[in-house]
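A.B. asks: My questions concern the predicted model and sequence given below.
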Amino acid sequence: MPAQRLAEQAIPARVRFQKLNSAVGRETLSYSPDVCDDAGVVHVFFFGLISLMTIRTGKKGNSMSTRVSSLVVALAVMFLIGCSEMPTTELESAEQALLAARTAEAEQYAPAIYQQAIDSLNAAKDEIARQSGRFALLRSYGNSKLMLESAMRLASQASTEAVAEKEEMRAETQRQLESASLLLTSVQQEFSSAPTGKGTKADLELIKSDIAAAEQMIIEAKTSFEEGSFVVAQTKLSAATDRLDQLMTEILAAKKRKSTNPRA
């Protein structure tokens, strides 16, 4: 079988010869990162070794076969060198993407996909460490590059989702803040006309104290909102709203009792 046909069968289909200059018919080997997996590297390594043996044992009259085998050996070496290069640039890019996601508060606003990005980056680092411990010509960083690409993609998606989620939460918190402020005003107005009489002074003082506490929580929630701490602000607003609703119910019940029994 001609050496060139053997080369075409041995090298994976994704590793292809491409014409660089149709005038002189020069060809070069190009490959995508996913070809540089363990199986592909071992495949090319041993095929290159077989081709080298073919050169050493070839007959003098078969110069064409020898030249083709020499070309295959050279291309195989180029391929192995390309696969054995540590993806330093990709690693730095992935780490920068994670840093950007962290800055966008993805850990809080897009935790699931942010964690996926971290897992992909850690897996890539583990794979890089594993490959770095292998014999130089058998190192294959193809899988590491794929993991790093996944980490970058996930980190970018986490950043985008975090920004959108944070804006949505900001708008919701602002709505809750306005609603709680209106409720506070309504309770204060109802309290100002609450019935007074014998035995009501202690109850009114307690209600007044609770209204003041709810107002303080709303003030603190507004401060948290302005600082961008929307989760904290919503927690405080929820507590303040619940208490104000209870106070409104108590005040209206007291007014109803007074209207049905004026002497009470």
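C.D. replies: Yep, it's here. Numbering: from 1, shown residues only.
A.B. asks: can you give me the helices for the stretch 51-200 of the chain?
C.D. replies: Listed in chain order, the helices found in the stretch 51-200 of the chain under DSSP state H, counting those that start in this stretch are 63-83, 88-103, 106-109, 111-132, 142-192.
A.B. asks: okay, those helices, which one's buried deepest?
C.D. replies: helix 106-109 (a mean of 20; mean count of other CB atoms under 10 Å). Glycine gets a C-beta too; all of them are placed from N, C-alpha and C.
A.B. asks: I would like the residues contacting that one, please.
C.D. replies: The list of residues contacting helix 106-109 from outside it, by CB atoms under 8 Å, 6 or more residues apart in numbering, reads 101, 113-114, 155, 158-159, 161-163, 165-166, 169, 231.
A.B. asks: try it again with 6 Å
C.D. replies: Residues external to helix 106-109 that are found in contact with it (CB atoms under 6 Å, 6 or more residues apart in numbering): 114, 158-159, 162, 165-166.
A.B. asks: again with stretch 153-161
C.D. replies: Contacts of stretch 153-161 (CB under 6 Å, 6+ apart): 97-98, 100-101, 104, 106, 110, 113-114, 116-117.
A.B. asks: I'd like to know which of those residues is nearest to T249.
C.D. replies: Checking the contacts of stretch 153-161 against T249 with CB to CB, the nearest one is A110 at 39.0 Å.
A.B. asks: Which pLDDT does the model give that closest one?
C.D. replies: At A110, the predicted lDDT confidence score is 96.
A.B. asks: Could you give the number of residues near it?
C.D. replies: Counted with other CB atoms under 10 Å, residues neighbouring A110 total 25.
A.B. asks: Make sure it is actually in contact with A164.
C.D. replies: No. Proximity of A110 to A164 does not meet the contact threshold set by CB atoms under 6 Å, at 8.6 Å.
A.B. asks: shared neighbours, the two?
C.D. replies: Taking CB under 6 Å, 6+ apart as the contact rule, A110 and A164 have no neighbour in common.
A.B. asks: need the helices of the stretch 51-200 of the chain in CSV with distance to D242, can you?
C.D. replies: Formatted as CSV, the helices of the stretch 51-200 of the chain follow (distance: least, CB to CB, whole Å):
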stretch, distance to D242
helix 63-83, 62
helix 88-103, 34
helix 106-109, 24
helix 111-132, 27
helix 142-192, 10
